[in-house]
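# sequence plus predicted model, see below.
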Amino acid sequence: RGRKRNDNLPPSRARDVQRAFRARRTAHLQALEQRITELEEENNSLRQALNMGQVIRPPLGKGPTGRYKHKIDHAKS
């Protein structure tokens, strides 16, 4: 599971490589968390500008891609 271990690296080098990877991963996660915070704040301010509460929000598609959209009956409109 995961990447295959490179046995050609000396043990201390392997630890350094792993430490660098962890540092990059941590920095990337922190950047993503900061971006999420900024987008949530922007989303909230836009909702307030539209006076649109979370309850009025249209239903979202199911699944991570949103592929399966809810069918809207246009005959009623």
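All right, it came through fine.
# the helices in this protein, which residues?
Here the chain has its helices, by DSSP state H, at 11-50.
# so where's it uncertain?
1, 52-77 (pLDDT under 70).
# hmm, 80 instead?
Across the chain, the ranges flagged by pLDDT under 80 are 1-11, 51-77.
# number of nearby residues for residue 38?
Close neighbours of residue 38, defined as other C-beta atoms under 10 Å, add up to 10. Yep, even glycine has a C-beta here, placed from its N, CA and C like the rest.
# show me what contacts it?
Not one residue lies near residue 38 by C-beta atoms under 8 Å, 6 or more residues apart in numbering.
# any idea how far it lies from residue 10?
42 Å (C-beta to C-beta, to the nearest Å).
# before we move on, what about residue 28?
Residue 28 is 27 Å from residue 10, by C-beta to C-beta.
# buried set for stretch 10-24?
Across stretch 10-24, burial judged by 16 or more other C-beta atoms under 10 Å covers no residue at all.
# for the remainder of this discussion, apply numbering that starts at 222.
Let's use 222 as the start, then, which means that last one is stretch 231-245.
# may I have that stretch as PDB, with CA atoms only?
What follows is stretch 231-245, C-alpha atoms only, in PDB (Å, rounded to 0.1, in the frame of the first residue of the first chain):
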ATOM      1  CA  PRO A 231      20.600   5.400   3.500                       C
ATOM      2  CA  PRO A 232      18.300   5.300   6.600                       C
ATOM      3  CA  SER A 233      19.100   8.900   7.600                       C
ATOM      4  CA  ARG A 234      18.300  10.100   4.000                       C
ATOM      5  CA  ALA A 235      15.000   8.200   4.100                       C
ATOM      6  CA  ARG A 236      14.000   9.900   7.300                       C
ATOM      7  CA  ASP A 237      14.900  13.300   5.900                       C
ATOM      8  CA  VAL A 238      12.800  12.700   2.800                       C
ATOM      9  CA  GLN A 239       9.900  11.600   4.900                       C
ATOM     10  CA  ARG A 240      10.300  14.600   7.200                       C
ATOM     11  CA  ALA A 241      10.300  16.900   4.200                       C
ATOM     12  CA  PHE A 242       7.200  15.200   2.800                       C
ATOM     13  CA  ARG A 243       5.400  15.700   6.200                       C
ATOM     14  CA  ALA A 244       6.300  19.300   6.300                       C
ATOM     15  CA  ARG A 245       5.000  19.900   2.700                       C
END
